[in-house]
Structure formats: C-alpha cells, structure tokens
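*Asks:* From the sequence below, what's the structure:
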Amino acid sequence: MRAGTYWELIRAGKMRITPSRLPMFCALSIITPFNDLLAGLQWLRYRKRLLEIAVPTDPVFIIGHWRSGTTLLHELLMLDPRNVCPNTYQCFAPNHFLVSEWFFRRFGNWLLPAKRPMDNVIAGWDRPQEDEFALMNLGLPSSYRRIAFPRNPPPDMEYLDFQGVSDDAIARWLDGLQHFLRALLVANPGRVVLKSPTHTGRIATLAKAFPGAKFIHIARDPRALFPSTLRLWLSLDSGQAFQKPLAQTDRQYVIDCLRKMYDAFHRDRAALREDQLVDIRYEELVADPQRVLRSAYDQLQLGDFHPLADPLQQWIDEHHRGYQPNEHHLPPADEALIRSHWNDYFVRYGYA
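*Replies:* Below is the predicted model of the structure:
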C-alpha cells in the first residue's frame, strides 16, 4: 500500500490496535513510505507503456466461494503457457511490481511461509494470487479490509455485489482494475486469468466492462466450505490483523457473504451467453482434471486444449496423486445452520 492508502485504512479502523500488534503497526508505518518512492519510479520508467497498452477485453474470471477450489483451478490454468495469472508479489505490490519484483523474488522468499496457513498449498511470490488483494492495496474499496480490523464491523460489503454503489464509484473501481491489468500485461503478455471469490457477485458489471470475458464458476460441498472458510478467516486474522482476532470467526459473517454474492450471481448469470459461463464442481475437478478442464475449454471456446494437456498431465503425475485436501468435521448445529441459510446452494449444485 502507498502511505495515503495505509493511513486511510488505519483511520477507518479507528486506530483500534491491540497492544501486542503495535510492533507490526510501527514496522509497517516505517516501511510504507517506500512504496510511494517505488511507485514513483515505476511511473517514471513505464509511464509510456502503461498509457499505450490496451486493456484486455477477454479476461477469464475464476469465481466461486472461498475454499471451493478456486486456488487449485488457478494453479492448473497457470500451466497453460498462453495464460497470464497475477502472482502473489504483483497483488501485494500493485503500485510498483514492475520495478521491484525481481528483488523480492530473488532475496525475499524468506518473508513468506513454505505453505499457506489455512491448507496444504505451496506459497511463494510467484504463485497465482487473488487480484482482490491488488485492488485493496491500490486503495479501492474491498471487503478484504476487514482482515486488518476483524473486531470492527466488516467494511465495504456492498462491493460484493455492487448493490447501492453509485455508477461513479463503480467506474473508479473498474479504472483501478484496468490499471492493474495494464501493468500485468506490461510484465507478461498473454490471456489474463483472474481469480477472486469476491468477483462472484460482480459478473454483470465485469461482463459489461469486458465484453469478451469468460467465467469459470466452481462449486463445492457446503459442508466442507463452511468450516474451511471459518479456518481461512481465522488464519488470516491471526497473522495479518492489527487486532487480536476473536476466538472464533463470526459464523453469521460467513453466511451473509455467500448469500450476498450468490443472490447477485444467480440473478445475473442468465444474461450471459452459453460460451461465457461454465459451472464445474470441485469434487469432479479433483477426480479428473483433464476431463473437466477440456470440457470447460470447449464450452468457453478458449482455443486448442493441447498446450495445457501435456503440462497438466505432468502435474497430475507429479503432484496430484498424493494430494489430500484438509478434512473438515462439521458439528450438527453448524450443518443445520447452513442448510437453513444456504439451501439454494445445496440444491442448485447437487449437494442436497
């Protein structure tokens, strides 16, 4: 984040910082101004190219609830050499990665854990990442700002479906996304593949802004989604927040996010063409990645599947046969809760 964005985040959180997190707050406050310097250097070095490069009209958006398999799908599509996926460093330093990424990828790997804290997925600066983090770090409204102050009321929930957001505010949000995509294509030309669960309820806006956009929606058994999402937010809050998180993630928050995103998704998906949106299920993707992705490429008309087929098979042979997702045990009370509030999801995607 640039300094202005950082201090706006602190102001919005009303400076409610837990004493044990003050060292982190002080360190970030000292480091953050360097982002302004690096952002200025990037603008001086790449201004002409950033202004001249065309915004892509046909990005591929991976959508679906958190912990539904969006990361796995992103990792697999990254194997296609035609695809460009924003990586972790680019999303965490969207203002200056064109001038600074080489340094952190060479000397800064120690700053990240070997694996993500919420699952068994390998972490690293070069791994594909959610562009929602880039948008937040660019200073755009995002529900992810709650990670900094998880004890405060969750901010920017209206940006999960753009309901009640003015046209001008949406235009500013889209401008920020397009700015990030320009920088991404300056670094790596190709077909842009983005993954953010937060885009699930935004498909109408995204399809209008990117007329050739394609959407791959992935669903998963809600009885796995719910406890895994609780664990996700708790792990992020524990490691990234300025406040000591609550002992348990607010169950109502998780329930409300899915309902808000999917109410908009189910309302707006009918306006998309058949070759714009495909639904897949996590369980089927894990069982047979080749079949599921070949079918998705065919329906979305993403071109010849052969460039992905061989590296995908190599990935399956080297990694997938021993892959074991985390097991989640759902108490009966929680299952009754989500069956009551997420019944439409259970029925639509075959988990009832």
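
*Asks:* All the strands of this protein, residue numbers only.
*Replies:* In the chain, strands defined by DSSP state E lie at 60-63, 83-84, 191-195, 214-219, 277-281, listed in chain order.

*Asks:* tell me the angle of the third one relative to strand 214-219?
*Replies:* In this case it means strand 191-195. Our comparison of strand 191-195 with strand 214-219, counting by axes from the mean of the first three to the mean of the last three Cα atoms, to 10 degrees, yields an angle of 30 degrees.

*Asks:* now for the strands of the chain, which one comes closest to Ile30?
*Replies:* Using Cβ to Cβ as the criterion, the shortest distance between Ile30 and those is 32.2 Å, found for strand 191-195. From N, CA and C alone the C-beta is placed, and that goes for glycine too.

*Asks:* Report the mean confidence score over the closest one.
*Replies:* Model confidence over strand 191-195, given as mean pLDDT, is 97.

*Asks:* Pairing partners for that strand, with directions?
*Replies:* Strands adjacent to strand 191-195 in the sheet, as given by DSSP bridges, are strand 60-63 (parallel), strand 83-84 (parallel).

*Asks:* closest one to Arg47 among those strands?
*Replies:* Ranking the strands paired with strand 191-195 by distance to Arg47, with Cβ to Cβ as the measure, places strand 83-84 first at 21.2 Å.

*Asks:* So for that closest one, mean pLDDT?
*Replies:* Across strand 83-84, pLDDT averages out at 96.

*Asks:* One more: stretch 307-319?
*Replies:* Looking at stretch 307-319 alone, the average pLDDT works out to 92.

*Asks:* Mind exporting the C-alpha coordinates of that stretch to PDB?
*Replies:* What follows is stretch 307-319, C-alpha atoms only, in PDB (Å, rounded to 0.1, in the frame of the first residue of the first chain):
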ATOM      1  CA  PRO A 307      -1.000 -26.600 -24.900                       C
ATOM      2  CA  LEU A 308      -2.500 -27.300 -21.400                       C
ATOM      3  CA  ALA A 309      -3.000 -31.100 -21.800                       C
ATOM      4  CA  ASP A 310       0.600 -32.200 -21.500                       C
ATOM      5  CA  PRO A 311       1.800 -29.900 -18.600                       C
ATOM      6  CA  LEU A 312      -1.500 -30.800 -16.800                       C
ATOM      7  CA  GLN A 313      -0.800 -34.500 -17.100                       C
ATOM      8  CA  GLN A 314       2.700 -33.900 -15.800                       C
ATOM      9  CA  TRP A 315       1.300 -32.000 -12.900                       C
ATOM     10  CA  ILE A 316      -1.100 -34.900 -12.200                       C
ATOM     11  CA  ASP A 317       1.700 -37.400 -12.300                       C
ATOM     12  CA  GLU A 318       4.000 -35.400 -10.000                       C
ATOM     13  CA  HIS A 319       1.700 -33.800  -7.500                       C
END
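
*Asks:* mind listing what's buried in the helix or strand bottoming out on mean pLDDT in the chain?
*Replies:* Taking mean pLDDT, DSSP states H and E as the measure, helix 97-107 is the helix or strand of the chain with the lowest mean score, a mean of 84. Residues of helix 97-107 classed as buried by neighbour count (16 or more other Cβ atoms under 10 Å): Phe97, Leu98, Val99, Ser100, Glu101, Phe104, Arg105.

*Asks:* Redo the residues you listed as JSON lines? Include distance to Leu138.
*Replies:* Output for those, formatted as JSON lines (distance: Cβ to Cβ, whole Å):
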{"residue": "Phe97", "distance to Leu138": "12"}
{"residue": "Leu98", "distance to Leu138": "14"}
{"residue": "Val99", "distance to Leu138": "16"}
{"residue": "Ser100", "distance to Leu138": "15"}
{"residue": "Glu101", "distance to Leu138": "16"}
{"residue": "Phe104", "distance to Leu138": "18"}
{"residue": "Arg105", "distance to Leu138": "21"}
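
*Asks:* which among these gets closest to Gly164?
*Replies:* Of all the buried residues of helix 97-107, the one sitting nearest Gly164 is Phe97; the distance, using Cβ to Cβ, is 32.5 Å.

*Asks:* Provide a list of residues in contact with the closest one.
*Replies:* Taking Cβ atoms under 8 Å, 6 or more residues apart in numbering, we find Phe97 in contact with Gln42, Tyr89, Gln90, Ala183, Ala187.

*Asks:* ok so, going back, pick the one among the buried residues of helix 97-107 closest to Gly64.
*Replies:* Phe97 (26.1 Å).
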